[in-house]
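*Asks:* need a 3D model of the following:
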Amino acid sequence: ARRCHDDKTDPRAEDAVISSILNVTFDCSDGESLARFWSGVTGWQWSKQEMPGNPFWLVGEPDHDRDRLLFVEVPEAKTVKNRVHLDLLVGEGSEGDEVARLEAMGAKVVDDRRKATPGGWVVMADPEGNEFCLEGLHDHDQSADATRELSE
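*Replies:* Take a look at the predicted model:
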């Protein structure tokens with residue numbers, strides 16, 4: 001077991017079991033469509049996983065069994081703002097080019113904060129309305145320590 005901190009006086013420190021993130025799971029109405037969208041965003045492969053009574057779609061890098069996006073179909077529609085969201089960093093090219101690419105894939109700009117204070121990012125939503133933030137590498141370096149919130 002790994003310790004999550006160096007406080008050797010804490011009796012829990014030696015016996016602490018650390019959990020790791022396996023998946024970030026999205027409840028959605030069309031799992032295949034969202035898996036295709038997020039596969040396009042990340043460049044990761046997507047696949048349908050068959051489980052009796054619980055099929056789901058998975059987006060992840062080949063040969064990795066963690067840090068994946070998982071899409072599960074549910075009957076309820078999204079009704080409120082996400083409490084958890086993904087922060088994406090533009091790999092190559094400009095933030096503006098990436099915004100345009102994601103919009104062409106079905107994403108929508110919710111709040112363009114590139115010139116706002118605090119700012120440096122664009123709040124977007126995927127085709128089912130799940131919010132995420134897109135940040136350019138230059139902007140990320142300048143605001144790495146800033147506290148950010150999604151607009152309400």
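*Asks:* which stretches of this structure have low pLDDT?
*Replies:* 1-14, 137-152 (pLDDT under 70).
*Asks:* rerun that using 90 as the cut-off
*Replies:* 1-22, 51-54, 61-67, 77-83, 91-93, 116-120, 136-152 (pLDDT under 90).
*Asks:* longest helix of it?
*Replies:* Across the chain, the longest stretch assigned as helix under DSSP state H is helix 31-42.
*Asks:* other residues contacting it?
*Replies:* Residues outside helix 31-42 that contact it (CB atoms under 8 Å, 6 or more residues apart in numbering) are 26, 28, 44-48, 55-59, 69, 71-73, 88, 102, 105-107, 126-128, 130. Where you see a C-beta, it was placed from the backbone N, CA and C, and this is true even at glycine.
*Asks:* swap in 6 Å and give it another go.
*Replies:* C28, W46, W57, V59, L69, F71, E73, M105, D126, P127, E128 (CB atoms under 6 Å, 6 or more residues apart in numbering).
*Asks:* ok now that helix, how far from the chain's centre?
*Replies:* 12 Å (CA atoms, centre = their mean, to the nearest Å).
*Asks:* would you confirm that P127 contacts M105?
*Replies:* No. Under the criterion of CB atoms under 6 Å, P127 is not in contact with M105, lying 8.0 Å apart.
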